[in-house]
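**Q** give me the fold of what follows.
(one chain, ligands or ions: 1)
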Amino acid sequence: MKSKTEVHKDQVPAVNWKERETVIKLENVSKTFSIIDGAPTMAGQLSAFFSKKSHRKIEALKNINLEIKKGEFFGIIGHNGSGKSTLLRLMAGTYQPNPGGKVYRKGNFMRLSLGIGFDTELTAHENIFLNASILGLSMKQIRERHDLILHMAGLEEYKHTKVKFFSTGMISRLKFAIAVHAEAEIFFMDEFFGGVGDLQFKQLSESIFKESIVKGRTIIHVSHTLPTIREHCQRVLLLHRGEMVALGTPDEVIPQYRKLMKQ
Ligand SMILES: Nc1ncnc2c1ncn2[C@@H]1O[C@H](COP(=O)(O)OP(=O)(O)OP(=O)(O)O)[C@@H](O)[C@H]1O
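**A** As a prediction, the model looks like this:
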């Protein structure tokens, strides 16, 4: 399926983000994990838990304050372990912030991350109904869009196949097609295209990204793939050791990321 409106971010009139509706807001958000070192067995972990000797705190995010507006394509970059996925999970409500922090989110959303999402014992057909209804579509709407979803994902022949027999790329394509046709308002994408593989599908998703600005779909994209970030994002957040070190256009932020990588 080809997207009808193709709009490059540079063709969109300059947007005053402050005037747009806020769809995600983080206030004083920190996230600390407590992990237990050196206890590979269950008994060892239990003993470590009660002794509290080998507990270690990891401050994955420190005091994040951020607003994301409707229709933004927002990138999150940073070294491995800088807190990108944790931030995405906090935005999606998978994690709760430390006490005192607040996460506000408006709109239905889909998390597109390799390896999560479907009930693998269900077929593609059943997962379309399940996921699209979670996103708020009526049975009638799902029936109308069902074939379009399978077509976009290139999975017409696998309609009645259980998802556990799908490759990572097939699962990713199905998830993305459901999110697009169910009109999810926010896409949380975590290195999603790393495992998709299929070039044609990548091109299709690129054209969908380009029309997102016009359609008011918000995309939050965690990625190490700088060309994608540069091409699509209006704003990019650079995280380093759990802290916000830069927030601005790709041209402003990517050089700072490169500098950090050299250190
Ligand atoms: N569930 C968890 N339990 C304990 N520690 C965690 C958990 N999730 C993340 N961490 C720790 O928090 C820090 C940030 O991890 P996170 O996965 O958010 O980083 P990232 O920037 O997404 O990394 P990558 O680019 O490697 O995916 C890391 O030190 C990680 O070990």
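**Q** report the buried residues of the longest helix along the chain.
**A** When the chain is parsed with DSSP state H, its longest helix is helix 199-215. Buried residues in helix 199-215, counted by 16 or more other C-beta atoms under 10 Å: F201, L204, S205, S207, I208, F209, K210, S212, I213. (Glycine included, C-beta is placed from N, CA and C.)
**Q** same question for stretch 212-228.
**A** S212, I213, R217, T218, I219, I220, H221, V222, S223, T228.
**Q** now the terminal residues of it, how far apart.
**A** Its first and final residues considered, stretch 212-228 spans 15 Å by C-alpha to C-alpha, to the nearest Å.
**Q** same deal with stretch 46-64?
**A** 33 Å.
**Q** which residues touch the nearest residue to Q141 once chain neighbours are set aside?
**A** Computed as C-beta to C-beta, 6 or more residues apart in numbering, the closest residue to Q141 that is not its neighbour in sequence is A132, at 7.5 Å. Counting by C-beta atoms under 8 Å, 6 or more residues apart in numbering, A132 touches Q141, I142, R145, I149, I178, H181, A182.
**Q** again, only using 6 Å
**A** By C-beta atoms under 6 Å, 6 or more residues apart in numbering, the contact set of A132 is I142, I178, A182.
**Q** scan those and report the most crowded one.
**A** When those are compared by neighbour count (other C-beta atoms under 10 Å), I178 ends up highest, at 31 neighbours.
**Q** which residues touch that residue?
**A** I128, N131, A132, I149.
**Q** same list (the residues you listed) but as CSV, adding secondary structure, pLDDT and distance to N65.
**A** Converted to CSV, those look like this (DSSP: H, G, I helix; E, B strand; the rest coil; pLDDT from 0 to 100; distance: C-beta to C-beta, whole Å):
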residue, secondary structure, pLDDT, distance to N65
I128, helix, 95, 38
N131, helix, 90, 32
A132, helix, 91, 34
I149, helix, 94, 37
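**Q** now do the phi/psi pair for L174.
**A** phi -70, psi -40 (degrees, to the nearest 10).
**Q** could you report the neighbour count for it?
**A** Other residues within reach of L174, judged by other C-beta under 10 Å, total 25.
**Q** ok, it touching A153?
**A** Yes - the pair L174 / A153 is scored as a contact, 4.6 Å apart, by C-beta atoms under 6 Å.
**Q** quick revisit: now the next helix or strand after the longest helix of the chain: average pLDDT?
**A** Sequence-wise, the next helix or strand downstream of helix 199-215 (DSSP states H and E) is strand 218-222. Averaging pLDDT along strand 218-222 yields 93.
**Q** okay then, goodbye and thanks.
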